[in-house]
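Trainee: Predicted model and sequence below, questions to follow.
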Amino acid sequence: MSARLDRARSAIAERDGELGAFVHVADDPGDADSGTDLGRVGDGLLAGEVVAVKDNIAVAGAPWACGSASRRDLPRTHGDAEVVTRLRRAGAHVVGTTNLDEFAMGASTESSAWGPTRNPWDPRRTAGGSSGGSGAAVAAYDVLALGTDTGGSIREPAAFCGVVGVAPSPGTVPTDGVVDFAPSLDRVGPMGPDVARTAALHEAIAGASVPGGPRVLAAAAEAGARGDLTGWRLARVAPMSGERNDPGVLAAFDAAVAALEDRGAEVEEVTVPRFGDLLDVYLAVTSVEALPVLAEHEGRGLGDEALSRLEVGRRLAGTAEHAEALRLRGLITADAREVLERCRLMISPTVPLVAPLLGRAGMDDPLARPRTDWWTVEANLAGLAAMSLPIGRSDGLPVGLQLMAAPGDDAALYRVGAALEGALAGSS
Ligand SMILES: NC(=O)CC[C@H](N)C(=O)O
């Protein structure tokens with residue numbers, strides 16, 4: 001047992017009745033399997049670390065219910081997902097599984113059959129979603145966590161909970177043993193209290209597929225921590241009319257951009273020409289791709305949000321409207337890749353608002369919910385790697401900044417993320 005594991009387990013026992021980050025805490029997270037196969041990529045990378053796993057990712061002995069009553073009584077016959085095997089191999093203790101929106105559909109965990117996860121910064125507020133349990137666990141218990149991200153589900157709770165979260169480049173982290181939402185957009189990715197610990201988790205789960213080779217992300221984070229960004233061209237996504245970013249979020253974002261410039265980065269402003277189409281395209285593409293999993297669970301107690309996606313998917317499958325969404329996805333991808341040929345990263349707020357009060361994040365406030373996804377869906381549609389990291393607070397609540405990179409350039413996220421983290425340390 002590591003000291004970190006002891007500390008995490010007592011903090012969870014003390015506070016998780018209130019926060020509801022975990023749906024299952026392992027009786028015996030076991031002694032990690034470290035050192036037995038020295039030489040494999042990832043061995044020992046997470047020695048002593050404690051990792052919480054989102055409950056749409058299979059963990060042997062844990063429920064794997066995906067926030068859905070339809071899977072409440074699923075027999076626990078599954079083994080570990082490949083990413084969980086890699087965690088154990090890297091020396092981590094898998095402490096338990098975390099709450100999420102039903103089938104990862106949502107941005108607040110309020111569609112979970114187990115009820116919402118509360119934000120550790122203010123328990124009246126949402127921790128975000130769909131990986132809200134993972135975000136809250138990182139913020140409250142100083143652990144690492146795995147999430148999944150189809151349109152922002154790692155980055156949005158990371159922003160709301162004041163932690164780091166990354167959607168890795170497509171195809172670099174295995175999704176075997178993870179329940180699909182929309183396979184062409186789904187990513188499994190790391191969440192952590194800071195950029196360096198998140199890099200280690202990312203390397204452990206990507207294994208030999210880490211773009212650039214082993215330890216390249218840790219090396220990028222180390223180089224970033226030294227601070228100099230001379231020669232880095234970044235594209236700041238231009239504020240647009242009607243997008244309703246909260247003023248406090250924009251103020252923190254502007255201060256972070258100034259800090260990047262101060263370190264030598266050149267920041268150019270770009271527009272997202274199809275910004276207005278992003279959410280419609282996202283909903284059409286994901287709802288159609290979600291059909292097989294939702295249809296399989298239909299009739300066994302799906303909640304309203306999952307049922308509404310099922311209905312959208314059935315209505316659009318095979319239509320000209322869906323074909324048009326796919327065509328627009330191609331244009332969105334081309335636009336983003338074009339910007340990323342000129343600039344190394346695109347930067348934006350992660351979410352245009354801070355964590356809303358529970359009950360206001362979801363169905364009760366139709367304007368608030370899509371707003372949570374505005375900045376994040378582009379990376380999934382266009383196949384980019386993306387990070388959210390904390391940059392300060394607005395009204396006492398965390399604000400996140402999003403970095404988006406060309407596929408395969410995950411290291412750039414860690415380089416600039418660590419530089420920004422260092423530049424802002426102590427200033428918030
Ligand atoms: N899994 C996700 O990334 C979810 C994204 C988005 N909030 C949605 O509701 O679909």
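Mentor: In hand now; what should we look at? Residues are numbered from 1 along each chain as shown.

Trainee: Packing partners of the host helix or strand of Glu203?
Mentor: Following DSSP states H and E, one finds Glu203 within helix 195-206. If contacts are counted by 3 or more C-beta pairs under 8 Å, 6 or more residues apart in numbering; DSSP states H and E, helix 195-206 sits against helix 82-89, strand 144-149, strand 164-167, strand 187-192, helix 216-225, helix 410-424. Quick note: C-beta positions are derived from backbone N, CA and C, even for glycine.

Trainee: Spell out which parts of the stretch 251-400 of the chain neighbour the ligand.
Mentor: By C-beta under 6 Å from any ligand atom, the residues of the stretch 251-400 of the chain that approach the ligand are Asp373.

Trainee: For the ligand, what is the nearest residue in the stretch 251-400 of the chain?
Mentor: Of all residues in the stretch 251-400 of the chain, Asp373 sits closest to the ligand, at 4.7 Å by C-beta to the nearest ligand atom.

Trainee: how close does Thr175 get to Ala107?
Mentor: Per C-beta to C-beta, to the nearest Å, Thr175 is found 21 Å from Ala107.

Trainee: Neighbour count: those two, which is higher?
Mentor: Ala107 (29 against 17; other C-beta atoms under 10 Å).

Trainee: Can you classify that one by secondary structure?
Mentor: For Ala107, the assignment made with DSSP: H, G, I helix; E, B strand; the rest coil gives coil.

Trainee: nearest residue to it other than its sequence neighbours?
Mentor: Of all residues not flanking Ala107 in the chain, Thr372 sits nearest, at 4.2 Å (C-beta to C-beta, 6 or more residues apart in numbering).

Trainee: Is it correct that the one you found is in contact with Gly128?
Mentor: Yes. Counting by C-beta atoms under 8 Å, Thr372 does reach Gly128; the two are 7.5 Å apart.

Trainee: who touches both of the two?
Mentor: Ala107, Ser108, Glu156, Val351 (C-beta atoms under 8 Å, 6 or more residues apart in numbering).

Trainee: For the closest residue to Glu18 other than its chain neighbours, what is the enclosing helix or strand?
Mentor: Leaving aside its sequence neighbours, Glu18 sits nearest to Pro123 (C-beta to C-beta, 6+ apart; 6.0 Å). Assigned by DSSP H and E, Pro123 belongs to strand 122-126.

Trainee: picking that back up, same list, the helices and strands packed on helix 195-206, but as JSON lines with mean pLDDT please.
Mentor: Formatted as JSON lines, those follow (pLDDT from 0 to 100):
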{"stretch": "helix 82-89", "mean pLDDT": "97"}
{"stretch": "strand 144-149", "mean pLDDT": "98"}
{"stretch": "strand 164-167", "mean pLDDT": "99"}
{"stretch": "strand 187-192", "mean pLDDT": "98"}
{"stretch": "helix 216-225", "mean pLDDT": "96"}
{"stretch": "helix 410-424", "mean pLDDT": "98"}
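
Trainee: Low-confidence bits of the stretch 101-250 of the chain, can you list those?
Mentor: Under the criterion pLDDT under 70, the flagged ranges of the stretch 101-250 of the chain are 240-243.

Trainee: For it, what lies in contact range of the ligand?
Mentor: Contact residues, the stretch 101-250 of the chain versus the ligand (C-beta under 6 Å from any ligand atom): Ala104, Met105, Gly106, Ala107, Ser130, Asp149, Thr150, Gly151, Gly152, Ser153, Phe181.

Trainee: and with 5 Å instead?
Mentor: Contact residues, the stretch 101-250 of the chain versus the ligand (C-beta under 5 Å from any ligand atom): Ala104, Gly106, Ala107, Ser130, Asp149, Thr150, Gly151, Gly152, Ser153.

Trainee: returning to what we had before: how about the shared contacts of Thr372 and Gly128 in TSV, adding distance to Arg72?
Mentor: Putting the shared contacts of Thr372 and Gly128 into TSV (distance: C-beta to C-beta, whole Å) gives the following:
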residue	distance to Arg72
Ala107	23
Ser108	21
Glu156	26
Val351	31
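
Trainee: Just flag the most distant two among those.
Mentor: Ser108 and Val351 (11.5 Å; C-beta to C-beta).

Trainee: okay, and the common contacts of those two?
Mentor: When contacts are counted by C-beta under 8 Å, 6+ apart, Ser108 and Val351 are jointly contacted by Gly128, Thr372.

Trainee: check contacts around the residue most central in space within the chain.
Mentor: Central residue of the chain (C-alpha atoms, centre = their mean): Ile154, 1.2 Å from the mean position. For Ile154, the contact set (C-beta under 8 Å, 6+ apart) comprises Ser131, Ser134, Gly147, Thr148, Gly165, Val166, Ala167, Arg187, Gly189, Met191, Ser388.

Trainee: What is the nearest of the residues you listed to the ligand?
Mentor: Thr148 (6.1 Å).

Trainee: bridging residues for the closest one?
Mentor: Val188 (DSSP bridges).

Trainee: What count of nearby residues applies to it?
Mentor: A count of neighbours around Thr148, defined by other C-beta under 10 Å, yields 25.

Trainee: Could you do the one 5 residues further on as well?
Mentor: Close neighbours of Ser153, defined as other C-beta under 10 Å, add up to 35.

Trainee: who touches it in this structure?
Mentor: Each residue near Ser153 by C-beta under 8 Å, 6+ apart is listed here: Leu100, Asp101, Ala104, Ala107, Gly129, Ser130, Ser131, Gly147.

Trainee: Of these, which pair is most distant in space?
Mentor: Every pair of these checked by C-beta to C-beta; the farthest is Ala107 and Gly147, at 12.6 Å.

Trainee: my read: Ala81 touches Asn56, true?
Mentor: No. With contact defined as C-beta under 8 Å, Ala81 does not count as touching Asn56 (9.5 Å).

Trainee: Need the residues touching each of these two.
Mentor: Shared contacts of Ala81 and Asn56, counting by C-beta under 8 Å, 6+ apart, come down to Val178.

Trainee: Look at those two and report which has more neighbours.
Mentor: More crowded of Ala81 and Asn56, by other C-beta under 10 Å: Asn56, with 32 against 25.

Trainee: pLDDT wise, what is the more buried one at?
Mentor: Asn56 carries a pLDDT value of 98.

Trainee: re earlier: same drill for Thr372 and Gly128, tell me which one is more crowded.
Mentor: Neighbour tally, Thr372 and Gly128, criterion other C-beta under 10 Å: the higher count belongs to Gly128, 35 against 28.
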